[in-house]
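J.: everything below, folded, please.
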Amino acid sequence: MLTGENFIGFTNSAKGEKSFQAFAPANNDYLPGNFNIATKEEFDRALSLAESAFKTFRDTTYEARALFLEAIAEEIMALGDTLLERVSAESGLPLGRVTGERGRTCGQMQLFAKLLRDGWWVDARIDKAQPDRQPLPKSDIRRMLIPIGPIAVFGASNFPLAFSTAGGDTASALAAGCPVVVKAHSSHPGTNELISSAIIKAAKRTGMPDGVFSSLYLSHDDVMNLVTHPAIKAVGFTGSRSVGMRLFNAAVNRPEPIPVYAEMSAVNPVIITENALKTKKEKIAKDLAASVTMGSGQFCTNPGLVVMIDSAASQAFLAEFKTSMEATVPSTMLNKNICKTYNEGITALQNAPEITVLAQSSKEAMPDRQEARPTASTIKAKDFLANKEFENEVFGPATLIVLCTNQAEVLSVLNALEGQLTATIHADNDDTATLQALVSAITAKSGRVIFGGYPTGVEVCHSMQHGGPFPSTSDARSTSVGTAAIYRFVRPVAFQDLPDNLLPEALKNANPLNILRLVDGVWTKDKV
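T.: Now for the predicted structure:
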């Protein structure tokens, strides 16, 4: 039974007079139950608890944190069908997709638990003293990464589980040793309550400090107050460019500026060479249409831009792609505002004289189900280059195909693009001479370069990079997916000439954690 309360550490609280209801987009109706907006008192209490909890949580052993993360995964799974049904109702996502996302969410927790036990992520470096070195002796210097403090995490609309309350930002922050304060997304408050309850149960089970996790329903004013609160030391955000930049500007203008790791907008270009168009047009057309429309196109890696040379081969491909897009069906979007914005974006494109609509789903969308109609359009490269507005993301099942006159114009289009999360190339064996220039161009613009595949589908692993040059993210050096995400929430500290008993476990002579360390320039697990 949902209560609509805020999670103030280990205490549930609903003191506010303002509340809201969750909306079921597929049913075009509100779900029963009210969720209470946090009061100033509740807000301040959550931040105070997080600040206090950090003093204890930062010193917990890596094994204790690993057990905490594994317990979170167990408690989420224990919610069973109750969680899946609520996520589906609040997001309009089918149960199959939600079930897969739950698996990914729990898998992230388990992956970070393994990372903690492996220990190498702390980047322990030791340069032993050389007291007899001439002309000056050398001190003993040891360096490692430590947690930075409480983290504000903003739930995302398009992944109610994997990028929200217990998503990658929360998993990586907790793994780093940082308490988390979640700003619950208003589109899925019931999901947030269920997941928050699971995290709190796991925290209590594993002896974590009160305040290691809180979750709040916030007013618009308190959203900014969360970012500017002195207890918060970094922000994780997935959402629109406009909101992401508001958070970024607020954070860097604090008396103590803090980093905002915001994943914002991208069109994720797909480049298809002439030879690929000739030899694989049917398969690429079918698979590209599936990628564009996957999850109603509401993936941050949705292929919103396709670049190719205008030729007989491309015209034959476009005929195949038109057929594939017309065979798709409209599907429910995450909420009313996203659906409205998508329709406005498609209308703006269709009204532009430079745009030609290539294909739409043969089935009309149902407005009372917040459905989006898949759409593909074309534009000449010279027109695309003349107006930056055509590069703007249309969040949903749509893509824009840029038709170039030659290879030089393809490179001009790629070089003109803003930063992207991904860029993809489809080529053939005969494209060797041109591929290096294409790879070089898109590497400069994106965080993940894909060959022969599609950007939708982000593997959670050690080597994944989910972040790219601005405006795809606010910091191209970071990732929000994979174990490298932990580096957003730590900072390096060097210890010079400290006695062994005062050093952190990771830097002690005996290497009690048995982790890989860089000792005098050599990676080893040996004692010092």
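J.: which outside residues touch stretch 313-327?
T.: Applying Cβ atoms under 8 Å, 6 or more residues apart in numbering, the contact partners of stretch 313-327 are 272, 274, 277-278, 281-282, 284-286, 288-290, 292-293, 308, 358-362, 374-376, 378, 401, 403. No exception for glycine: its C-beta is placed from N, CA and C like everyone else's.
J.: what helix or strand is A262 located in?
T.: Take DSSP states H and E as the rule and A262 turns out to sit in strand 260-263.
J.: what's downstream of that strand, the next helix or strand?
T.: Counting by DSSP H and E, what follows strand 260-263 is strand 270-272.
J.: what residues sit buried inside stretch 22-42?
T.: A22, F23, A24, P25, A26, N34, F35, N36, I37, A38, T39, E42 (16 or more other Cβ atoms under 10 Å).
J.: using CSV, write out every CA atom in that stretch.
T.: The C-alpha trace of stretch 22-42 is given here as CSV (Å, rounded to 0.1, in the frame of the first residue of the first chain):
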residue,chain,number,x,y,z
ALA,A,22,0.6,9.9,-10.6
PHE,A,23,-0.8,9.8,-14.2
ALA,A,24,-1.2,6.7,-16.2
PRO,A,25,-0.5,7.8,-19.8
ALA,A,26,-1.9,4.7,-21.5
ASN,A,27,-5.2,5.1,-19.7
ASN,A,28,-5.2,8.9,-19.8
ASP,A,29,-6.2,9.1,-16.2
TYR,A,30,-4.8,9.7,-12.7
LEU,A,31,-3.8,6.8,-10.5
PRO,A,32,-5.3,6.7,-6.9
GLY,A,33,-3.2,8.1,-4.1
ASN,A,34,-1.5,11.4,-3.2
PHE,A,35,2.2,12.1,-3.0
ASN,A,36,3.2,14.8,-0.6
ILE,A,37,5.6,17.6,-1.5
ALA,A,38,8.4,17.9,1.1
THR,A,39,8.2,20.8,3.5
LYS,A,40,11.3,22.9,4.2
GLU,A,41,11.6,21.1,7.5
GLU,A,42,11.6,17.7,5.8
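J.: can you give me the helices for the chain?
T.: Taking DSSP state H to define them, one finds helices in the chain at 40-57, 62-78, 80-91, 95-118, 168-176, 189-205, 220-228, 241-252, 274-293, 312-326, 336-351, 381-386, 407-416, 432-443.
J.: mind putting those into CSV with distance to Y487?
T.: Written out in CSV, the entries for the helices of the chain read as follows (distance: least, Cβ to Cβ, whole Å):
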stretch, distance to Y487
helix 40-57, 18
helix 62-78, 15
helix 80-91, 29
helix 95-118, 11
helix 168-176, 8
helix 189-205, 22
helix 220-228, 21
helix 241-252, 18
helix 274-293, 29
helix 312-326, 40
helix 336-351, 31
helix 381-386, 36
helix 407-416, 29
helix 432-443, 21
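J.: so which of the ones you listed comes closest to S463?
T.: Each of those has some distance to S463 by Cβ to Cβ; the shortest is helix 95-118, at 12.2 Å.
J.: returning to what we had before: list just the nearest of the buried residues of stretch 22-42 to T328.
T.: Distances from those to T328 were compared by Cβ to Cβ; the smallest belongs to A26, at 17.8 Å.
J.: neighbouring contacts of the strand holding A262?
T.: Residues from elsewhere that reach strand 260-263, judged by Cβ under 8 Å, 6+ apart: 169, 227, 234-239, 244-245, 247-248, 251-252, 300, 421, 466-467, 472-475, 478, 480, 488.
J.: in the worst-scoring helix or strand of the chain on mean pLDDT, what's buried?
T.: The weakest-scoring helix or strand in the chain, judged by mean pLDDT, DSSP states H and E, is helix 220-228 (a mean of 92). By neighbour count, with 16+ other Cβ under 10 Å as the criterion, the buried positions of helix 220-228 are D222, V223, M224, N225, L226, V227, T228.
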